[in-house]
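Asker: I need the structure of the sequence given here:
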Amino acid sequence: MRIRVWAVLGIVALTAGCAGSAHTVKPEGKDVCLYLRAPKAASVELFSSASDYAPVSAMKNGDGLWEVRMPAGRPFDYFYLVDGEPFTPPCALSRPDGFGGRTCIYAPAP
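Answerer: Take a look at the predicted model:
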């Protein structure tokens, strides 16, 4: 039983990526701001269906919080590239990405 518990914890740790990261999505007028706390990251990019998956560079503030603004008018799928590694944060809505991972879904409030 102990081995099974440790195996599950190990899998969770490996799939969590960016340990210590926090993710917040805040609608602000016609935009939505996506924030990712990754203080040790050298670069963060957002890939989303809203930009046809062209990378959008995030801006870092002094507290290790990265910010990206996107249009908030319609739903879109997204994930991050943190220091060159794909990262999908825990999010309220997600779906399989077709490559064995998941992608978050932004859905504006009605």
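Asker: burial of Cys104, as a residue count?
Answerer: Cys104 sits with 22 neighbouring residues when counted by other Cβ atoms under 10 Å. Every residue, glycine included, has its C-beta placed from N, CA and C.
Asker: the nearest residue to it once chain neighbours are set aside: what's it in contact with?
Answerer: The shortest distance from Cys104 to any residue that is not its chain neighbour, by Cβ to Cβ, 6 or more residues apart in numbering, is 3.8 Å, and that residue is Cys91. Residues counted as contacts of Cys91 (Cβ atoms under 8 Å, 6 or more residues apart in numbering) are His23, Val25, Cys104, Ile105.
Asker: gap between the third one and Gly62?
Answerer: Distance, Cys104 to Gly62, using Cβ to Cβ, to the nearest Å: 26 Å.
Asker: rewinding a little: host element of the residue nearest to Cys104?
Answerer: Here Cys91 is covered by no helix or strand, with elements defined by DSSP states H and E.
Asker: quick check: it vs Ala42, distance?
Answerer: Distance check for Cys91 against Ala42: by Cβ to Cβ, it reads 23 Å.
Asker: all strands of the chain, in order?
Answerer: If DSSP state E is used as the criterion, the strands of the chain fall at 22-28, 31-37, 44-48, 56-57, 59-60, 65-71, 76-82, 85-87, 94-96, 102-106.
Asker: thanks again, I'm all set now.
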